[in-house]
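Chemist: only geometry, no sequence info:
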């Protein structure tokens, strides 16, 4: 392996994915860097300019020009950071989220077309080669930074049902009644949901799903409901649960909901601690017999209005 080998591969790959002419490649008026900034903003509750510079390694002046262009186009809104008033918080507007979703859809289609050119028998070998490159060159990267939060792919709504049923049976002894509940929740979403108001996230690590969460409309007007938060055992302890909950909160706030609610059970201690860290307040508790166990159900609520709003 030589420097020239790596440079040759880089030239081949950037040409293959259209990185040098990204806007024309996706039929969109954005460069690869601009699209990446939109992607980062779409997958976070909120970020500030310093966060974006750190994540993407961008020059401050260059990033400022991108932010100014996005603000003029109505894609972002900037305001004081909730944690540090000296910083400027950046969030996507509704138009910005629609733009990011469109770019993501076109990127998915482009990669899908590329993958269609690969023989089915060669795809596992290709995937393993890509993971090998990531493992070797990404050594030292923190696990939570290498996890991607994305839309579910075909078949992954079924994965949510299967993993919920398997994990809760193994860890808490819950029976198939719980699997039936999860299946109904997922089926309702799959059959009828508004993508502007409801969403599912899959957390992917090393090419496979390791977590999920949902945000759906509640029966109460102006209220969203967080459902089916799950993190695989091997992916726990790295802040992934917090990241999934932040994604739901940011989406619900951006969609204009006033409140975010959830129902859980007192035995799920790790999940409850995540909810408390994000400001959820326990509203009611009620004993019940479900899933083959005696449990205490809990309703939690988070007000989504901005401070001073």
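Modeler: Great, that's in hand. All of these numbers come straight from a predicted model, not from anything done at the bench.

Chemist: does residue 209 sit in a helix, a strand or a coil?
Modeler: Recorded secondary structure, residue 209: strand (DSSP: H, G, I helix; E, B strand; the rest coil).

Chemist: ok, how many other residues are close to it?
Modeler: Neighbours of residue 209 under the rule other CB atoms under 10 Å: 19. Every residue, glycine included, has its C-beta placed from N, CA and C.

Chemist: Quick check: chain neighbours aside, which residue is closest to it?
Modeler: residue 202 (5.0 Å; CB to CB, 6 or more residues apart in numbering).

Chemist: how about that neighbour, what does it touch?
Modeler: Going by CB atoms under 8 Å, 6 or more residues apart in numbering, residue 202 touches 149-153, 156, 159, 209, 211-212.

Chemist: Selecting buried members of the residues you listed in PyMOL, what would you type?
Modeler: Selection of buried members from the contacts of residue 202 for PyMOL, criterion 16 or more other CB atoms under 10 Å:
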select buried, resi 149+150+152+156+159+209+211+212
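
Chemist: Can you list which of the contacts of residue 202 are found in helices?
Modeler: Judged by DSSP state H, helices contain the following of the contacts of residue 202: 156, 159.

Chemist: quick one: the helices in the stretch 101-250 of the chain?
Modeler: Applying DSSP state H, counting those that start in this stretch to the stretch 101-250 of the chain gives helices spanning 123-137, 143-146, 156-172, 176-191, 240-254.

Chemist: Quickly compare these and say which is most buried.
Modeler: Comparing those by mean neighbour count (mean count of other CB atoms under 10 Å), helix 240-254 comes out on top with a mean of 21.

Chemist: distance between that one and the chain's centre?
Modeler: Relative to its chain's centre, helix 240-254 lies at 8 Å (CA atoms, centre = their mean, to the nearest Å).

Chemist: looking at the helices of the stretch 101-250 of the chain, which is closest to residue 282?
Modeler: helix 240-254 (15.6 Å; CB to CB).

Chemist: Just the residues contacting the closest one, thanks.
Modeler: Contact with helix 240-254 is made by 43-46, 91-94, 97, 143-144, 147, 149, 199, 201, 203, 210-215, 224, 226, 229, 231, 260, 270-271, 274-275, 277-278, 302, 304, 306, as judged by CB under 8 Å, 6+ apart.

Chemist: Run through this structure and note the low-pLDDT ranges.
Modeler: Along the chain, the parts satisfying pLDDT under 70 run over 17-28, 44-46, 55, 81-87, 135, 138-145, 306-309.

Chemist: returning to what we had before: which single one of the contacts of residue 202 is nearest to residue 132?
Modeler: Nearest member of those to residue 132, counting by CB to CB, is residue 209, at 20.0 Å.

Chemist: how close does the closest one sit to residue 256?
Modeler: Distance of residue 209 to residue 256, computed by CB to CB, to the nearest Å: 29 Å.

Chemist: ok, now residue 226?
Modeler: Going from residue 226 to residue 256 by CB to CB gives 16 Å.

Chemist: rewinding a little: columns distance to residue 56 on top of the helices of the stretch 101-250 of the chain, output as a markdown table?
Modeler: Shown next, in a markdown table, are the helices of the stretch 101-250 of the chain (distance: least, CB to CB, whole Å):
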| stretch | distance to residue 56 |
| --- | --- |
| helix 123-137 | 17 |
| helix 143-146 | 12 |
| helix 156-172 | 27 |
| helix 176-191 | 32 |
| helix 240-254 | 18 |
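
Chemist: Quick one: closest of those to residue 115.
Modeler: Comparing the helices of the stretch 101-250 of the chain under CB to CB, the one sitting nearest is helix 123-137, at 7.1 Å.

Chemist: residues making contact with that closest one?
Modeler: Contacts of helix 123-137 (CB under 8 Å, 6+ apart): 115, 118, 146, 206-207.

Chemist: likewise stretch 182-195?
Modeler: The contact list for stretch 182-195 (CB under 8 Å, 6+ apart) reads 101, 157-158, 160-161, 164-165, 198, 200, 214, 216-217, 227-228.

Chemist: now that stretch, how far from the chain's geometric center?
Modeler: 18 Å.

Chemist: Which of residue 226 and residue 256 has more residues huddled nearby?
Modeler: residue 226 (25 against 12).

Chemist: which among the contacts of helix 240-254 end up buried?
Modeler: 43-46, 91-93, 97, 143, 147, 149, 199, 201, 203, 210-215, 224, 226, 229, 231, 260, 271, 274-275, 278, 302, 304.

Chemist: For the most centrally placed residue in the chain, give me its contacts.
Modeler: Geometric centre of the chain, nearest residue: residue 149, 3.1 Å, by CA atoms, centre = their mean. Contacts here follow CB under 8 Å, 6+ apart; on that basis residue 149 touches 43, 201-204, 243-244, 247.
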